[in-house]
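Novice: here is my input; please provide its structure:
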Amino acid sequence: MNRVVLTPATLPASVLAELKLWLGITTSHDDDLLARLLAAALETCEAFTGQVPLACTCEEVHPARSGWQVLAARPVRAITGLSSIAADGTRVALAPGDYALEIDAEGAGRFRLEAAMTGRLAVTFSAGLAEEWDALPEGLRHGVVRLAAHQHREREGAGAAPLPPAAVAALWRPWRRLRLA
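Specialist: This is a model prediction of the structure:
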């Protein structure tokens, strides 16, 4: 399974302003760097919690096989389409009767082919705990800003420390979803 983010989440300017306030920065010289740190902090939040924080449109590629297949990203908001991928890379959208879809109460998205197929499938879906930044739980928002601030302060430090720092992990822990292998 390979996941690609087709439409990434966008952060409002207020998030950058909050990070700059945390860091005591009043100029716009480092805005690009700080925006990249915020994006990296969102990715770290997803890796730690096992959940996509902000709504985005994604695609996962799966083998075409029988039985239910589960999407790796959570929580899934909607599965918007399935396409078969031919050996030459061309795609053909499957008709709605060719597959079944489910999203459970915990946000796990699943699909099942109704007819035998070979090759690969591209599943397009939207995932995310919140549609926008202000709807994200306070602990997750605060942790993203704190992690970006931490990374900015430690950018010249010697050696890599484990991420996220304990203070950020404590903020994110209530939303952490672990999976057994």
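Novice: so Pro8 sits against Cys58, correct?
Specialist: No: if you go by CB atoms under 8 Å, Pro8 and Cys58 don't touch, sitting 9.4 Å apart. The C-beta positions use only the backbone N, C-alpha and C, and glycine is treated the same way.
Novice: which one of the two has more residues nearby?
Specialist: Taking other CB atoms under 10 Å, Pro8 and Cys58 do not tie; Cys58 has more neighbours (21 against 13).
Novice: from Leu129, how far out is the more buried one?
Specialist: Counting by CB to CB, to the nearest Å, the gap from Cys58 to Leu129 is 14 Å.
Novice: what do you get for Pro12?
Specialist: Distance, Pro12 to Leu129, by CB to CB: 16 Å.
Novice: please enumerate the shared neighbours of Cys58 and Leu129.
Specialist: Counting by CB atoms under 8 Å, 6 or more residues apart in numbering, the contacts common to Cys58 and Leu129 are Val52.
Novice: longest strand of this protein?
Specialist: When the chain is parsed with DSSP state E, its longest strand is strand 76-85.
Novice: what does that one rub up against?
Specialist: Outside strand 76-85, the residues that touch it by CB under 8 Å, 6+ apart are 55, 57, 61, 64, 71, 91-94, 98-99, 101, 103, 107-109, 111, 117, 119-128.
Novice: list the strands paired with it, with their directions.
Specialist: Within its sheet, and counting by DSSP bridges, strand 76-85 is paired with strand 91-93 (antiparallel), strand 120-127 (antiparallel).
Novice: could you dump the helix or strand immediately after the longest one in the chain to PDB, C-alpha only?
Specialist: Translated: strand 120-127. Downstream of strand 120-127, the next assigned helix or strand under DSSP states H and E is helix 138-153. Only the C-alpha atoms of helix 138-153 are listed here, as PDB (Å, rounded to 0.1, in the frame of the first residue of the first chain):
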ATOM      1  CA  GLU A 138      -6.900  22.000  21.700                       C
ATOM      2  CA  GLY A 139      -4.300  19.400  22.800                       C
ATOM      3  CA  LEU A 140      -3.400  18.500  19.200                       C
ATOM      4  CA  ARG A 141      -3.300  22.100  18.100                       C
ATOM      5  CA  HIS A 142      -1.100  23.100  21.000                       C
ATOM      6  CA  GLY A 143       1.200  20.100  20.500                       C
ATOM      7  CA  VAL A 144       1.700  21.000  16.800                       C
ATOM      8  CA  VAL A 145       2.700  24.600  17.700                       C
ATOM      9  CA  ARG A 146       5.000  23.500  20.500                       C
ATOM     10  CA  LEU A 147       6.700  20.900  18.400                       C
ATOM     11  CA  ALA A 148       7.400  23.400  15.600                       C
ATOM     12  CA  ALA A 149       8.700  25.800  18.200                       C
ATOM     13  CA  HIS A 150      10.900  23.100  19.700                       C
ATOM     14  CA  GLN A 151      12.300  22.200  16.300                       C
ATOM     15  CA  HIS A 152      13.000  25.800  15.500                       C
ATOM     16  CA  ARG A 153      14.900  26.300  18.800                       C
END
